[in-house]
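> from the sequence below, what's the structure:
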Amino acid sequence: MSIANVNGKIIVLISMMTLFVSACGDDVDVDYLGDSYTPTSHVDVYFSEDDVTEGYLVMGHATADGGDTEALQETLIEKARDRGADGIIFEGFDRVETGEQTIVNDIGDTSIVNTNTTSVLQVKAIFIKYNKNL
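Numbers count the residues shown, from 1 in each chain. Now for the predicted structure:
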């Protein structure tokens with residue numbers, strides 16, 4: 001076996017491992033619509049609007065998509081800090097279908113159909129600014 005052949009196999013193996021790791025990673029996509037203020041160092045976390053005891057202004061809405069609830073929560077809290085929010089209210093989460101793939105294998109007179117659906121976890125949140133900090 002030549003060195004070029006071995007190096008080629010190593011490159012292919014490393015490329016495949018990189019692709020696998022990136023596919024399994026905690027990639028989180030965040031969409032935000034709203035106002036921005038001076039970044040804050042702390043964000044209060046709520047899971048119901050009824051839990052907020054101070055007067056506040058809704059400064060924006062965010063949606064995060066990814067595969068891991070912990071990563072989604074941490075990313076949204078970080079985004080809230082960056083946007084200057086005093087608090088974040090998590091509205092809930094859902095699994096959203098992102099695609100479907102159908103594979104048809106014809107074997108003689110028989111067709112075998114396999115359909116795979118892909119989905120991501122989606123979390124929605126409200127960014128709030130306390131009235132006393134406006």
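> how far away is residue 111 from residue 103?
Residue 111 sits 11 Å away from residue 103, going by CB to CB, to the nearest Å. From N, CA and C alone the C-beta is placed, and that goes for glycine too.
> likewise residue 94?
Distance from residue 94 to residue 103, by CB to CB: 27 Å.
> tell me how far stretch 105-112 lies from the chain's centre.
39 Å (CA atoms, centre = their mean, to the nearest Å).
> try stretch 33-41
Taking mean C-alpha positions (CA atoms, centre = their mean), stretch 33-41 and its chain are 20 Å apart.
> in it, which residues are buried?
residue 40 (16 or more other CB atoms under 10 Å).
> then stretch 41-49?
43, 44, 46.
> which of those residues sits closest to residue 76?
The closest of the buried residues of stretch 41-49 to residue 76 turns out to be residue 43 (CB to CB; 9.2 Å).
> so who does that closest one touch?
Listed by CB atoms under 8 Å, 6 or more residues apart in numbering, the contact set of residue 43 reads 77, 80, 81, 85, 86, 87, 88.
> which ones are touching the fifth one?
What it means is residue 86. Contact partners of residue 86, counting by CB under 8 Å, 6+ apart, are 40, 43, 44, 56, 128, 129, 130, 133.
> need those residues in JSON lines (columns: distance to residue 50 and pLDDT).
Output for the contacts of residue 86, formatted as JSON lines (distance: CB to CB, whole Å; pLDDT from 0 to 100):
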{"residue": "40", "distance to residue 50": "23", "pLDDT": "98"}
{"residue": "43", "distance to residue 50": "18", "pLDDT": "98"}
{"residue": "44", "distance to residue 50": "14", "pLDDT": "99"}
{"residue": "56", "distance to residue 50": "13", "pLDDT": "98"}
{"residue": "128", "distance to residue 50": "13", "pLDDT": "99"}
{"residue": "129", "distance to residue 50": "18", "pLDDT": "99"}
{"residue": "130", "distance to residue 50": "16", "pLDDT": "98"}
{"residue": "133", "distance to residue 50": "21", "pLDDT": "97"}
